[in-house]
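*Asks:* Okay, here's the prediction I keep looking at, along with the sequence it came from:
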Amino acid sequence: MLRPQSKKLRPLADLISLSGKIALITGAASGIGKAMAYRFAEAGATLELVDINEEQLKITCDELSKSGVRIGTHKVDLCEKSEIEQLWSELVGKEPDILVNNAGIYPMKDFLELDEAFLRKVMDLNLNAALWMCQNMIKARMKRGGVIINVASVEAVMPVKEDLVPYGLSKVGVIMLTRSLAAEYGRKGFRINALVPGGVLTPGTKNVAKEVLKLNVGIIQTGLEYRQRLPLGRLGEPDEIARMALVLASDLSSYVHGTLVAVDGGFLSA
Ligand SMILES: NC(=O)c1ccc[n+]([C@@H]2O[C@H](COP(=O)([O-])OP(=O)(O)OC[C@H]3O[C@@H](n4cnc5c(N)ncnc54)[C@H](O)[C@@H]3O)[C@@H](O)[C@H]2O)c1
């Protein structure tokens, strides 16, 4: 076995371990967030799982509990700031070491038909909730620091699909939130990064695809163009995003800070 030149190098198993850490993941009842919960649990974390969908959250919790993971679940509508504040009051004494702002929606609407309610809902969940969660995390852990991972999207860098203006805007905000907080709080012990997933098959994307297929044949063309441009030639799996989240959450990435980590099958580089 290859051994380090210096005895000080920590073994890989130790670097990737989340043992003794508490990880809070939003949107953990489905898709990418659920996949993260599985990998973080495997790495030894205690989980605090947040979602608006109580039924699905319970299913995730029951599945994970079988392997002896310690889990707290919280039904929270992240669009409501008061519910976010209530969540953090419940977390006093068990403030997470790791926060993943993953919950997000990507509803489609013709730009010319956008209204305030539609725009507000997308911004409230995708951007404002991430902001309030970061503020609570930093306040709660000011003396100890921690890790924050915000989930952005390739749509924030390269708009591909039509009818996603609010979504792209919200995710650009997530990127700037990440970079601003990284610049400000790195020296205070926080390590903050953004994950930038490409197209991933999840219950969320499957539902959107079903809905738009009923109404809009243009989406088929967009889907084909997306795949044609993809160097890896296929959509991603939730676990492929979760594995990179684990790298960012763990000490494997102890010097990765304030950056955007694309997990997109090469989409943004093509
Ligand atoms: N799937 C993709 O192709 C893709 C690509 C790029 C970025 N992303 C981002 O990854 C994240 C996860 O996406 P996904 O595809 O796994 O989605 P998903 O729809 O499968 O899961 C999202 C979860 O968020 C929860 N949620 C929705 N509204 C909520 C609210 N108001 N309060 C609390 N929880 C709420 C849902 O109940 C669900 O469990 C999102 O931020 C999304 O924008 C996804």
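*Replies:* Thanks, I have it.

*Asks:* ok, the residue nearest the centre of the chain - contacts?
*Replies:* Centroid-nearest residue in the chain: Asn102, 2.8 Å away (criterion: Cα atoms, centre = their mean). Residues near Asn102 by Cβ atoms under 8 Å, 6 or more residues apart in numbering: 25-28, 32-33, 36, 149, 151. The way it works is simple: take the backbone N, C-alpha and C, and place the C-beta from them, glycine included.

*Asks:* repeat for Val263
*Replies:* Per Cβ under 8 Å, 6+ apart, neighbours of Val263: 195-198, 236, 240-241, 244.

*Asks:* which phi and psi does Val76 have?
*Replies:* Per-residue torsions, Val76: phi -140, psi 130 (degrees, to the nearest 10).

*Asks:* let me redo that: Val196
*Replies:* Torsion angles, degrees, to the nearest 10, at Val196: phi -120, psi 90.

*Asks:* Count the neighbours of the nearest residue to it once chain neighbours are set aside for me.
*Replies:* Excluding its sequence neighbours, the residue lying closest to Val196 (Cβ to Cβ, 6 or more residues apart in numbering) is Ala262, at 4.4 Å. Ala262 has 20 neighbours, counted by other Cβ atoms under 10 Å.

*Asks:* Report whether the host helix or strand of Ala262 contacts the ligand.
*Replies:* Element membership for Ala262, per DSSP states H and E: strand 260-263. No - Strand 260-263 stays out of contact with the ligand when judged by Cβ under 6 Å from any ligand atom, the minimum separation being 9.0 Å.

*Asks:* tell me the mean pLDDT over that strand?
*Replies:* The pLDDT scores in strand 260-263 average 98.

*Asks:* what's the burial count for Ser19?
*Replies:* 11.

*Asks:* now do Gln86
*Replies:* By other Cβ under 10 Å, neighbour count at Gln86 equals 13.

*Asks:* One more: Lys81?
*Replies:* 13.

*Asks:* Repeat that for the one 3 residues further on.
*Replies:* Other residues within reach of Ile84, judged by other Cβ under 10 Å, total 22.

*Asks:* again, but for Ser65
*Replies:* Neighbour count for Ser65, taken as other Cβ under 10 Å: 12.

*Asks:* OK, contacts around it?
*Replies:* With Cβ under 8 Å, 6+ apart, Ser65 has these contacts: Ile71.

*Asks:* now with 6 Å?
*Replies:* With Cβ atoms under 6 Å, 6 or more residues apart in numbering as the criterion, no residue contacts Ser65.

*Asks:* backbone phi and psi for Val100, please?
*Replies:* phi -120, psi 110.

*Asks:* Now do the contacts for it.
*Replies:* Listed by Cβ under 6 Å, 6+ apart, the contact set of Val100 reads 25, 149.

*Asks:* what's the distance between it and the ligand?
*Replies:* 10 Å (Cβ to the nearest ligand atom, to the nearest Å).

*Asks:* Strands along the stretch 101-250 of the chain, start to end?
*Replies:* Here the stretch 101-250 of the chain has its strands, by DSSP state E, counting those that start in this stretch, at 146-151, 190-197.

*Asks:* Out of those, which is closest to Phe40?
*Replies:* strand 146-151 (10.6 Å; Cβ to Cβ).

*Asks:* buried set for the helix ranked longest in the chain?
*Replies:* Longest helix in the chain, counting residues (DSSP state H): helix 165-185. Buried positions in helix 165-185, judged by neighbour count with 16 or more other Cβ atoms under 10 Å: 165-175, 177-179, 181-182, 185.

*Asks:* One more: stretch 135-155?
*Replies:* For stretch 135-155, by 16+ other Cβ under 10 Å, it's 136-138, 140-141, 146-155.

*Asks:* First residue to last residue on that stretch, what's the distance there?
*Replies:* Distance across stretch 135-155, first residue to last, is 25 Å (Cα to Cα, to the nearest Å).

*Asks:* what sits up against it?
*Replies:* Counting by Cβ under 6 Å, 6+ apart, 88, 95, 97-102, 130, 134, 164, 167-168, 171, 174-175, 178, 189-196, 198, 245, 248-249, 264, 267-268 sit against stretch 135-155.
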